[in-house]
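Asks: Provided below for reference: sequence and predicted model.
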Amino acid sequence: MDIIGILNYLGITPDRIVPLVILGLVIYIILHTSLKPFKRITNRIRDALIEIQAILKREGIDLEYKVLEAPGSPVRPTKIGAELIKKSGLEKILDQKKEFLADELKKILPEDYTEYDVQEKARELLVSLASSSLMNPVKEYAYQEGTSVVEIFKVGGLWLRDDFLGQKRMVKDEDK
């Protein structure tokens, strides 16, 4: 069967295609603009959950579910965490400044470091660079989205760890 035959069978003739395309674009624009506030709300909910987790952890209660990173060995960003790394511009910084970041990480690692040391020091390094102009795109994103740069840097540290260890950047697949 050809596509024109299928469209004709469904009652979509050439004179009806243009109005359908216009209607589709209008619906897309309406949905795109009306869903933007929901994105900000979900970002705030995510941040609130992270803050609640931090408060509970201080009280000795550690929640198993992580929003931005998935438990396991090694710890990996979730799809949400990876999306945050990308959208914030941190992925681009990690790619463009790979050598600089590796050199800075080497400076703060202990002599006989482990992979865990690399992970935690990578996070620490990114957080310490928060006041650097290098991180301005991430700070601007966090400001515009009303989210925390520290959380972006912590989850981004997992990819810096992978880069430093010569491993492929991974994302935890929640379906597994």
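Replies: Looks like it came in fine. Since the model is a prediction, treat every value here as computed from it, not as a measurement. Numbers count the residues shown, from 1 in each chain.

Asks: buried sites along stretch 129-144?
Replies: 129, 135, 138-139, 141-142 (16 or more other Cβ atoms under 10 Å). Every C-beta, even on glycine, is put in place using the N, C-alpha and C of the backbone.

Asks: stretch 157-174 now?
Replies: 157-164, 169, 171-172.

Asks: tell me the contacts of residue 7?
Replies: Residue 7 is in contact with 13, 17, counting by Cβ atoms under 8 Å, 6 or more residues apart in numbering.

Asks: could you export the buried residues of stretch 157-174 as CSV, including secondary structure, pLDDT and distance to residue 80?
Replies: Below are the buried residues of stretch 157-174 laid out as CSV (DSSP: H, G, I helix; E, B strand; the rest coil; pLDDT from 0 to 100; distance: Cβ to Cβ, whole Å):
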residue, secondary structure, pLDDT, distance to residue 80
157, helix, 96, 16
158, helix, 96, 13
159, helix, 97, 14
160, helix, 97, 18
161, helix, 97, 19
162, helix, 96, 18
163, helix, 97, 21
164, helix, 97, 23
169, coil, 94, 15
171, coil, 90, 10
172, coil, 84, 10
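
Asks: ok, back up a step: now render the buried residues of stretch 129-144 as CSV, adding pLDDT, distance to residue 41 and secondary structure.
Replies: Formatted as CSV, those follow (pLDDT from 0 to 100; distance: Cβ to Cβ, whole Å; DSSP: H, G, I helix; E, B strand; the rest coil):
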residue, pLDDT, distance to residue 41, secondary structure
129, 96, 30, helix
135, 96, 26, helix
138, 96, 22, helix
139, 96, 22, helix
141, 93, 17, helix
142, 91, 17, helix
